[in-house]
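Visitor: Sequence and predicted structure are below.
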Amino acid sequence: MDISVVGSGYVGTSVAACLADLGHRVVAIDIDEDIVAALDAGETPIHEPGLDERVAAHAGDRLHATTDHAALRETDVTFVALQTPTREDGSIDLSVVEAGMQDIGEELAATEGYHLVVVKSTVIPGMVEERLVPILEETSGKRAGEEFGVAVNPEFQSQGSAVTDFLEPDKLVFGTEDGDDRALERLHGVYEPLVAANDEDVPIVETGRREAAMVKYANNVFLAGKISLINELGNVCKEFGVDSYEVADAIGLDDRIGERFLRSGVGWGGSCFPKDTDALRAAARSVGYDPTLLNAIVDVNDRQPERMLELLERHVDPAGKRIAVLGLAFKPGTDDIRGSRATPIIAGLLERGADVAAYDPVAAGAMAEKYPDIEYADSAADALRDAEGALVVTDWDEFAALDDAFGEMSSQIVVDGRRIVEPREGLTYEGLTW
Ligand SMILES: NC(=O)c1ccc[n+]([C@@H]2O[C@H](COP(=O)([O-])OP(=O)(O)OC[C@H]3O[C@@H](n4cnc5c(N)ncnc54)[C@H](O)[C@@H]3O)[C@@H](O)[C@H]2O)c1
Ligand SMILES: O=c1ccn([C@@H]2O[C@H](COP(=O)(O)OP(=O)(O)O[C@H]3O[C@H](CO)[C@@H](O)[C@H](O)[C@H]3O)[C@@H](O)[C@H]2O)c(=O)[nH]1
């Protein structure tokens, strides 16, 4: 099939490369000339395992890139992977997607036959029907559901495993307008090689567009909520001297609970959980519903970094002292610091007058844009040297392997927010939730 993907960021690039890998002819369209030039040269600016080799293998063959939206005229399906950032009140900013729809609609005017537009961006239920379809109809001069279709097909990939998450999904969600069989048929056609590669073992949820949009939010909010719940339990466990990780392992054996996403600690960050919980809360408020539990999920998450700082203060007053912060990325395997718990940790340390020595194997550059005046050490050992306390914020494997480095601290106080450091003799070790 001939497929265009509008937006070549985190999602668009891996979707485009994977669709090419599945045998489709794909054109990636982005307004950023550097991204397009890189993709055309077989390179990707995004670090994702398995992505580089796929882009390199297919560029110039089944994968092309361009800044010209006219390329979508030659395709059967257009995936939309444009960003939906957060506005100040927490609601989503749809302006980039709206502008993208205008670009797409202008080209739809010149397409022949039925074309399917598939929204992969995360959008609030109703936005497709009320805001995006009208733009497509107006700019194309065509009627949705007749001359072209619009579907919602949310993406569930995680950073660090985007390629395998796409190619081996837990589920596919096809949200289509009632009665638009062509949309459904075309979506099945796009994913047919993926389903075949998984021995036909991929559940496909066929539903309405609003439901599909809500599935994406519900999925993310449920996972963020699961972590907040285990964090809340962990905080209580800590006060009772109970090891919350043993408790989590035990409750995870109950199939109804499941063992994943039960790692308690300093909380969740990233480009999606914070944005999507905020967006759903704002959307609920906008229709007159105050979402008590969603608010609590965020409150618990906001509280964890402060609890970590309080634990440190039980052992040392950070004012004027060198304090190491190990880990700046929102999770291991990425240099992304969006929503990272390291941000409130650093802010809290600075408020308390500490000298912060931060280390991350790949994310220091990004954090330096936010906090240019703190020290960025070249290694964890350098950050720890002469420090009077250390806070472990990201569960990079290399922190588990640290040993002698703790001996270089002025006082060996470690508050672990990720259960990654082994407690040992000589170390005053505090687990955040255990
Ligand atoms: N990042 C993730 O892991 C992830 C996972 C699942 C879903 N999502 C959702 O997918 C959507 C995209 O997220 P992302 O992280 O890939 O965003 P991103 O910011 O990384 O990428 C968006 C890209 O769109 C390009 N762009 C902007 N306007 C354009 C236009 N008119 N035409 C063509 N290109 C244009 C930008 O230059 C950018 O490269 C969001 O709604 C997000 O919530 C993200
Ligand atoms: O047991 C756990 C699991 C995760 N986290 C934290 O949760 C955050 C998010 O982690 P993860 O979900 O692995 O990363 P993302 O790449 O943000 O992926 C989420 O957000 C994506 C964008 O919407 C979705 O597509 C994915 O399904 C969803 O997992 C990180 O800060 C993790 O440290 C914990 O604290 N404890």
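Guide: Looks like it came in fine. Ligands and ions are numbered 1, 2, ... in the order given.
Visitor: Show me which residues of the stretch 201-350 of the chain sit near ligand 2.
Guide: 220, 223, 227, 261-263, 265, 267-270, 272-273, 330-331 (CB under 6 Å from any ligand atom). Every residue, glycine included, has its C-beta placed from N, CA and C.
Visitor: quick one, helices of the stretch 101-250 of the chain?
Guide: Assigned by DSSP state H, counting those that start in this stretch, the helices in the stretch 101-250 of the chain fall at 127, 133-140, 162-167, 181-197, 209-240, 244-252.
Visitor: For the strand or helix carrying V300, buried residues please.
Guide: In the assignment (DSSP states H and E), V300 maps to helix 292-313. For helix 292-313, a neighbour-count test (16 or more other CB atoms under 10 Å) marks 294, 297-298, 300-301, 303-305, 307-309, 311-312 as buried.
Visitor: Same question for stretch 97-113.
Guide: Those would be V97, G100, M101, D103, I104, G105, E107, L108, T111, for stretch 97-113 by 16+ other CB under 10 Å.
Visitor: So what's the residue count around the nearest residue to the third one once chain neighbours are set aside?
Guide: The shortest distance from M101 to any non-neighbouring residue, by CB to CB, 6 or more residues apart in numbering, is to I135 (4.2 Å). Applying other CB atoms under 10 Å, we find 18 other residues in the vicinity of I135.
Visitor: same thing with A70?
Guide: A70: 12 neighbours (other CB under 10 Å).
Visitor: Now do the contacts for it.
Guide: Shown in contact with A70 (CB atoms under 8 Å, 6 or more residues apart in numbering): E107, A110.
Visitor: quick check, it in a helix?
Guide: Yes - assessed by DSSP: H, G, I helix; E, B strand; the rest coil, A70 belongs to a helix.
Visitor: And it, how close does it get to ligand 2?
Guide: 30 Å (CB to the nearest ligand atom, to the nearest Å).
Visitor: likewise A196?
Guide: 23 Å.
Visitor: next one: A400
Guide: In terms of CB to the nearest ligand atom, A400 sits 15 Å off from ligand 2.
Visitor: Tell me which helix or strand comes right after the host helix or strand of A347.
Guide: A347 is part of helix 342-351, with elements assigned from DSSP H and E. Later in the chain than helix 342-351, the nearest helix or strand by DSSP H and E is strand 355-359.
Visitor: And the next helix or strand after that next one, what's buried?
Guide: Per DSSP H and E, the first helix or strand lying C-terminal to strand 355-359 is helix 364-370. Across helix 364-370, burial judged by 16+ other CB under 10 Å covers A364, A366, M367.
Visitor: quick one: the first one and A41, what's the gap?
Guide: Yep, that's A364 we're talking about. 27 Å (CB to CB, to the nearest Å).
Visitor: residues contacting the residue of the chain found nearest ligand 1?
Guide: Residue nearest to ligand 1 within the chain (CB to the nearest ligand atom): G9, separated by 1.8 Å. Taking CB under 8 Å, 6+ apart, we find G9 in contact with D30, I35, I46, A81, Q83.
Visitor: Who are the contact partners of the last one?
Guide: I take that to be Q83. Here Q83 is in contact with G7, G9, V96, V97, S121 (criterion: CB under 8 Å, 6+ apart).
Visitor: buried ones in stretch 197-216?
Guide: V202, R209, R210, A212, A213, M214, V215, K216.
Visitor: residues near P372, how many?
Guide: Using other CB under 10 Å: P372 sits among 8 other residues.
Visitor: before we move on, which element is it in?
Guide: Using DSSP H and E, P372 sits in no helix or strand.
Visitor: can you pull the pLDDT of it?
Guide: With respect to pLDDT, P372 scores 98.
Visitor: Over to G333?
Guide: Model confidence at G333 (pLDDT) stands at 89.
Visitor: Enumerate every residue touching it.
Guide: Applying CB under 8 Å, 6+ apart to G333 gives the contacts P49, Q159, G160.
Visitor: Right, I'll leave it there.
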